[in-house]
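S.K.: predicted model follows, preceded by the sequence.
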Amino acid sequence: DWPMVAKIREEGLQRSRLAETLSYMTDVLGARLTLSDGMTRAQAWAMSEMEGMGLTNVGLEPFMDYGVSWDNEYVSLHLLEPDYQPMVGYPLTHTPGTDGRKTLDVVIADVQTIQDLDRYRGRLAGVAVLSTPPAEIDMARIREGVPQRTAEELRALEEEVLPAAPRGSPTPRNPDLLRAEDRLEFYRTEGVAVVLECSSGWIGAVRGFARPGTRADRWGREESLAGPPIVAVTPEHYNRMYRVLEREIPVTVEVDVRNRIGEERGEASNVLGEIVGSDLADEVVMMGAHFDTWHASPNASDNTSGVAVVLEAARILKALGVTPRRTIRVALWAGEEQGLHGSREYVLKHFGNPNEPGIGAKPDYEKFSVYFNQDYGPGLYRGVWLQGNEHVRKTFEAWMEPFHDFGMTTLSPRSVGSTDHIPFDNVGLPGFQFLQDRAGGTGGHTNLDFFDTLPLDDLTKNAVIMASFVYHAAMSEDRIPRKNRGR
């Protein structure tokens, strides 16, 4: 529908609200760890935005017990001896605070094997430990930056027609190696005051996620309070302490961490809203992005940018007064960062799984058309990963044609994972992630993921493409065909 594409382009390129939406989410709402107070506030805002643009059936849909809430209120980290320096660090989620400001001696305690336990036993009470080896800095990233996808690379992705070889059997685990949970329990029983770690290879970047064991205890309160506090530190600050200690020169730090841990377990929820369809209203086309983030920054690229694209695509369609044949459903997922929980539970609840006899396909399974997702950073859409579904190739080629001037030209047969189209794909439903350009200057999963480095023009174009794909899927005569079944 070229006339409608022209309208979508005009509305989305000339009257875009994307930058305003994205700035509010990053600058005002900030981080959105699933079930945190920050997430609760942000979900209320998102529902208000959806209702304001005219979406219907807007609301929260709980999907699972997600343990207790966790919010970081304050963190301060300083090197005191042998030289003063403010340091950058953030606590891991579902860990306790320090119960006030602590001045601590630092020791290396890189406990990796069962044999290491006796070496450190009785030596760690009341100290801060460096618990990981020195971080390796990614110098190539500093020298070369982040290159955009070349024409040759895109052509290679198109020509990658054979599926990837199956993975071999995993290497047997060395029984002498300690699990992360075992190391943490050792530090706790030895009376360690604070655990310091570094898993980042980028200067200035903190990469810190969740306390080891959260998946097993389901983000429990007692386990979160048991301690000790864990703080992830930037590599340049962590490595400096490590090198000083290797010279057998004492290191002293000052640490103050305040975390708020919920009293009761609660349910995590997805945010949903619709543009209700007409003659095929019982059939569904979906677009979405994960709304949850990690906690050390506003997470502008991962995945606030994707949320902004989805909301802007919905705004464009509502501004044009579109009455789709199929219902268009917008989903802002929670629990993605911890394992695609929100999207997976949604798919099982609403559509089922014909591959699992105990679950089976639910009635809405046959009424589902397609799901489109954005997650892999803020880069420009260059095409679509087909997930091995050759039945959609001709359709998607036609839908991409109006956006060749954006650089949207590539269909790769490859299946990609680790985001919210996967639960749809796993049960045989069409779910797709856009093939995106690389974007330099962004710091996904770190403390450096801010609005200032986002390619706003590219995201504006992405919203236009998303709106057009969703529109055509909602208006087409047939549902999107499914792989292996040809329908």
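M.R.: Nice, thanks for sending it over. This is a predicted model, so every value here is computed, not measured.

S.K.: gap between Gln338 and Gly379?
M.R.: Remark: distance between Gln338 and Gly379 (Cβ to Cβ, to the nearest Å) = 24 Å. All C-beta atoms are positioned from the backbone trio N, CA, C, and that covers glycine.

S.K.: the more surrounded of the two?
M.R.: With neighbours defined as other Cβ atoms under 10 Å, Gln338 and Gly379 compare such that Gly379 has more, 24 against 20.

S.K.: how much space between that one and Pro455?
M.R.: Applying Cβ to Cβ, the value for Gly379 to Pro455 is 7 Å.

S.K.: what do the two both touch?
M.R.: When contacts are counted by Cβ atoms under 8 Å, 6 or more residues apart in numbering, Gly379 and Pro455 have Ala439 as shared neighbours.

S.K.: how about Phe372, nearest residue that isn't a chain neighbour?
M.R.: Met287 (4.7 Å; Cβ to Cβ, 6 or more residues apart in numbering).

S.K.: hang on, the one you found in a strand?
M.R.: Yes: counting by DSSP: H, G, I helix; E, B strand; the rest coil, Met287 is located in a strand.

S.K.: ok, what's across the strand from it?
M.R.: According to DSSP bridges, the residues that bridge with Met287 are Val330, Phe372.

S.K.: pLDDT at it, what is it?
M.R.: Note on Met287: pLDDT of 98.

S.K.: number of residues surrounding it?
M.R.: For Met287, using other Cβ under 10 Å, the count is 25.

S.K.: before we move on, what about Glu356?
M.R.: By other Cβ under 10 Å, the residues close to Glu356 number 11.

S.K.: ok, Gly306 next?
M.R.: Residues lying near Gly306 (other Cβ under 10 Å) number 31.

S.K.: how close does it get to Tyr371?
M.R.: Separation of Gly306 from Tyr371 (Cβ to Cβ): 13 Å.

S.K.: tell me the phi and psi of Ile328?
M.R.: Main-chain dihedrals, Ile328, degrees, to the nearest 10: phi -100, psi 120.

S.K.: doesn't Ala474 make contact with it?
M.R.: Yes: using Cβ atoms under 8 Å, Ile328 is in contact with Ala474, at 5.3 Å.

S.K.: what touches both of those two?
M.R.: Contact criterion Cβ under 8 Å, 6+ apart; residues shared by Ile328 and Ala474: 277, 285.

S.K.: the two: who's more crowded?
M.R.: Shown here are Ile328 and Ala474; by other Cβ under 10 Å, Ile328 has more neighbours (27 against 24).

S.K.: my guess is Ala205 contacts Phe450. True?
M.R.: No: here Ala205 does not reach Phe450: they are 11.9 Å apart, not a contact under Cβ under 8 Å.

S.K.: just for the stretch 351-487 of the chain, where's the confidence low?
M.R.: 485-487 (pLDDT under 70).

S.K.: again, only this time at 80
M.R.: 441, 484-487 (pLDDT under 80).

S.K.: now do the helices in it.
M.R.: Under the criterion DSSP state H, counting those that start in this stretch, the stretch 351-487 of the chain carries helices at the ranges 393-400, 422-426, 456-475.

S.K.: closest to Thr56 out of these?
M.R.: Smallest distance to Thr56 across the helices of the stretch 351-487 of the chain (Cβ to Cβ): 14.7 Å, for helix 456-475.
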